[in-house]
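> here is a sequence together with a model predicted from it:
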Amino acid sequence: MIHLSDRVQAMQPSATFAIKAKAAALRAEGHDVVDLSAGEPDGSPPVEAPAAARAAIDAGRNRYAPVAGIPELRDAIAANYRARGVDVGRDNVLVTVGGKQALHHLALALLGPGDEVVLFSPYWVSYVPQFELAGATPVVVRTRPEDGFQPDLADVAAAITDRTRVILVNSPSNPTGCVISRDRLAALNDLAREHDLIVISDEIYDNLTYDGTEAVCFPTLSDDAPQRTVIVNAISKTYAMTGWRVGWMVGPVAIVKACAKLQGHSTSGVSPVNQLAALGAVTAPRDFLVPIKAALLKRRALLSSGLNAIDGFDVGPIPQGAFYLFPRVDGFFGRTTPDGTTIQTAFDVANYLIEQGVGVVPGEAFGEPQCVRISYALARETLEKGLEKLRAAVSLLS
Ligand SMILES: Cc1ncc(COP(=O)(O)O)c(C=O)c1O
């Protein structure tokens, strides 16, 4: 008999990948499915990235790269942060297999049994499983749709105990698109100083903000913030390169070294071809983002007005970052589907919608059972078709 570890048995599969797989399976059976659950941009990377990868293949970059990342890429990442006012160099940078692996390393390097980590719900799907794998206790502070999901500082202060080691901040947020204001980030930085906590700042959507809103780079909040802050980022969202699996952490050398040790015994680091593609991306001229952001703004307007016009969805304050809407769907609770099922949860809403040919992610996956996540990083026609299907699905409810 196969015995699986308690740790893996306790873990749920990633809900976002599960919806994507379900949508693909329904499509393979011939159903017409519009998948609005995607966690990735639909555009193309800057041309410099694939060109650099092709050159790397032609140059025979077939061998292991240095575990911590190729020096040119670590330098380029550090230079980009220096340009934003963070005083870092190569030794502060570890290149990882996507932002996800940086977070996983940090959980293992900073936390163990008995340690607590404060994070905000709604949260990205992998934080809690990763902290639990490390044996740590996630302490979730709820943020609310009516506050635009900005954290309440009194709630954060109340969640900190003498076992708290880490605060995790994700701004702009997946799934809400909330960009935490500078004032609130500064107050979180003060709390971290007061309680001697490490801040993990997941800034993977930092280039995707709108309406003049700035995504504050956490270590720029005070002169001492870099001593206790680790930034996590990746080429995945900014450069539309989710599949290349290149990310990084930037933080204190002792933490970077500890995580490099973990990397040396797990993946041995990232393929040199992919790292050189990442180098092409992070050194490309920034203007490639202008049309992407303009298109995302139009799509956000289309999706938010379309959803608000459907009785049952409530988008609330329009989010200023990332490419998701996280509308409330509790307006559907108590309604009945054509097969006689009463909708009671966001999970029921998502389940009904996928049966009707639209993929959305239930809020339960993010710790918020009143909402669903819908992506607008999709072509206009896809969003229009998705809205049409949503209207049709909702019209069948009684
Ligand atoms: C908030 C957040 N952090 C981290 C990640 C992981 O990024 P990557 O695909 O680079 O591993 C994602 C991906 O969806 C994300 O949304």
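Noted; the coordinates are in hand. Residues are numbered from 1 along each chain as shown.
> tell me which strands and helices the strand or helix carrying Leu279 is in contact with?
Under the criterion of DSSP states H and E, Leu279 resides in helix 272-282. When contacts are defined as 3 or more Cβ pairs under 8 Å, 6 or more residues apart in numbering; DSSP states H and E, helix 272-282 sits against helix 48-58, helix 71-83. All C-beta atoms are positioned from the backbone trio N, CA, C, and that covers glycine.
> beyond that helix, next helix or strand please.
Later in the chain than helix 272-282, the nearest helix or strand by DSSP H and E is helix 289-308.
> what's in contact with that following helix?
For helix 289-308, contacts defined as Cβ atoms under 8 Å, 6 or more residues apart in numbering pick out 41, 43, 207-208, 210, 238, 240, 313-315, 318-319, 323, 325, 327, 374, 376-378, 380, 383-384, 387, 390.
> quick one: the lowest-mean-pLDDT helix or strand in the chain to chain centroid distance?
Least confident element among the helices and strands of the chain, by mean pLDDT, DSSP states H and E: helix 15-28 (a mean of 81). Its chain's average C-alpha position is 19 Å from that of helix 15-28, according to Cα atoms, centre = their mean, to the nearest Å.
> please report how far Ile235 lies from Gly39.
According to Cβ to Cβ, to the nearest Å, Ile235 stands 15 Å off from Gly39.
> sorry, slip of the keys, the one I care about is Lys257.
Separation of Lys257 from Gly39 (Cβ to Cβ) stands at 31 Å.
> circling back: any part of the least confident helix or strand of the chain near the ligand?
No - judged by Cβ under 6 Å from any ligand atom, helix 15-28 makes no contact with the ligand; its nearest approach is 7.2 Å.
> same for that helix, what does it pack against?
strand 34-35, helix 346-355, strand 358-359, strand 361-362.
> right, so these: which one is the most enclosed?
Among the helices and strands packed on helix 15-28, strand 361-362 has the highest mean neighbour count (mean count of other Cβ atoms under 10 Å), at a mean of 26.
> just checking, which helix or strand succeeds that one along the chain?
Criterion used, DSSP H and E; the element after strand 361-362 is strand 372-375.
> and that following strand, which strands flank it?
Paired strands of strand 372-375, with direction, are strand 324-325 (antiparallel), strand 361-362 (antiparallel) (DSSP bridges).
> out of those strands, nearest to Ala277?
Closest to Ala277 of those, according to Cβ to Cβ: strand 324-325, at 25.8 Å.
> give me the mean pLDDT for the closest one.
In this model, strand 324-325 has a mean pLDDT of 98.
> what lies in contact with that strand?
Strand 324-325 is contacted from outside by 174-177, 300, 303-304, 307, 315, 319, 373-376, using Cβ under 8 Å, 6+ apart.
> returning to that earlier point: do any residues in the helix holding Leu279 lie close to the ligand?
No - counting by Cβ under 6 Å from any ligand atom, no contacts exist between helix 272-282 and the ligand, the nearest distance being 10.7 Å.
> which bits of the stretch 1-150 of the chain sit near the ligand?
Within the stretch 1-150 of the chain, the positions near the ligand by Cβ under 6 Å from any ligand atom are 39, 98-100, 124.
> still on that earlier bit, what residues of the least confident helix or strand of the chain count as buried?
By 16 or more other Cβ atoms under 10 Å, the buried positions in helix 15-28 come out as 15-16, 18-20, 22-23, 26.
> try stretch 1-9
Within stretch 1-9, no residue counts as buried by 16+ other Cβ under 10 Å.
> out of the strands paired with strand 372-375, nearest to the ligand?
The ligand lies closest to strand 324-325 among the strands paired with strand 372-375, at 8.9 Å (Cβ to the nearest ligand atom).
> circling back: tell me which of Ile235 and Gly39 has more neighbours.
Shown here are Ile235 and Gly39; by other Cβ atoms under 10 Å, Ile235 has more neighbours (28 against 23).
> tell me the contacts of that one?
Counting by Cβ under 8 Å, 6+ apart, Ile235 has contacts 45, 49, 241, 244, 246-247, 277-278, 281-282.
> contacts only, for the nearest residue to Ala15 once chain neighbours are set aside.
Once flanking residues are discounted, Ala15 sits nearest to Ala365: 3.3 Å by Cβ to Cβ, 6 or more residues apart in numbering. Ala365 sits next to 15-16, 125, 373 when contact means Cβ under 8 Å, 6+ apart.
> in TSV: these, plus distance to Gly148.
TSV is the format used below for the contacts of Ala365 (distance: Cβ to Cβ, whole Å):
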residue	distance to Gly148
Ala15	23
Thr16	22
Val125	21
Arg373	16
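> which one of those residues is nearest to the ligand?
Distances from the ligand to the contacts of Ala365, taken as Cβ to the nearest ligand atom, are shortest for Thr16 (7.2 Å).
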